[in-house]
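Novice: When you get a sec, could you give me coordinates for this:
(chains A and B)
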Amino acid sequence: SQQGEEDPQALSIQEGENATMNCSYKTSINNLQWYRQNSGRGLVHLILIRSNEREKHSGRLRVTLDTSKKSSSLLITASRAADTASYFCATLLSGGSYIPTFGRGTSLIVHP
Amino acid sequence: AAGVIQSPRHLIKEKRETATLKCYPIPRHDTVYWYQQGPGQDPQFLISFYEKMQSDKGSIPDRFSAQQFSDYHSELNMSSLELGDSALYFCASSSRQGRGDTEAFFGQGTRLTVV
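Specialist: So this is what the prediction gives:
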């Protein structure tokens, strides 16, 4: 069953614009991680946010976590063509399975 | 820094053949995960190992088996291959110390094509 569900499924923007992707999940988590995947390539770990954190920054990335709404968002500021990729969130469930569980990704296209 | 190494990167097999995928985790990581990602799909968890023992089992078909060896590398064995097994297979590793804070690091994947 899907734990994380990304929204939107596809996003197309111009270089320089900001891109926001959302992820919702169903059960309590220890942490939530965002990954990037270039077409047919490996998953690159972007950022981890713990369940007791609300916001985290890394370079042009900003991640928020709202455990009351069971949702997270990934904001990429000043996007670049090289940001074109699929983005996935993965949750690590609390009190049980210790397996990063992925939802459907968001496909981001940044036009130069 | 050392990353998760998977081999081979690409593999083409015929139906009903057998395939073996290998994964070398990051040094000192104690947990290995295997995932399958079909075209346009999200990664689906197959199986994991913690300290060389099977830890969790996901949607791994009975035709598949996996193990983790004394040097912590892991192999995914796939028999009686079917066309639907064509996918990208990822291995990931993590360290369970600091359980709530663990990041999983993924390899580049093995692209298996069954013809």
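Novice: Okay, now the unreliable bits of the chain?
Specialist: All of this is about chain A. A:1-5, A:93-98 (pLDDT under 70).
Novice: wrong one, I was asking about chain B
Specialist: B:1, B:97-102.
Novice: Spatially central, which residue of it would that be?
Specialist: The residue lying closest to the centre of chain B (Cα atoms, centre = their mean) is residue B:34, at 2.9 Å.
Novice: who in chain B is up against chain A?
Specialist: Residues of chain B lying near chain A by Cβ under 8 Å from any Cβ of the partner chain: B:31, B:33, B:35, B:42-45, B:48, B:50, B:55-56, B:58, B:88, B:90, B:92, B:96, B:99-109, B:111. C-beta here means a position set from N, CA and C on the backbone, and glycine is covered the same way.
Novice: Can you tell me which of those are buried?
Specialist: Listed as buried from the residues of chain B next to chain A are B:31, B:33, B:35, B:42-45, B:48, B:50, B:55-56, B:58, B:88, B:90, B:92, B:102-109, B:111; burial here means 16 or more other Cβ atoms under 10 Å in any protein chain shown.
Novice: Next one: residue B:32 from chain A, what distance?
Specialist: For residue B:32, the distance to chain A equals 12 Å [Cβ to the nearest Cβ, to the nearest Å].
Novice: Correct me if wrong, but that residue is in a helix.
Specialist: No - the assignment for residue B:32, made by DSSP: H, G, I helix; E, B strand; the rest coil, is strand rather than a helix.
Novice: List, one by one, the residues from chain A near chain B.
Specialist: Counting by Cβ under 8 Å from any Cβ, the residues of chain A near chain B are A:2, A:30-31, A:33, A:35, A:40-45, A:48, A:50-51, A:88, A:90, A:92, A:94, A:97-105.
Novice: Inside strands: which ones of the residues you listed?
Specialist: Applying DSSP state E to those, the entries found in strands are A:30-31, A:33, A:35, A:43-45, A:48, A:50, A:88, A:90, A:92, A:101-102.
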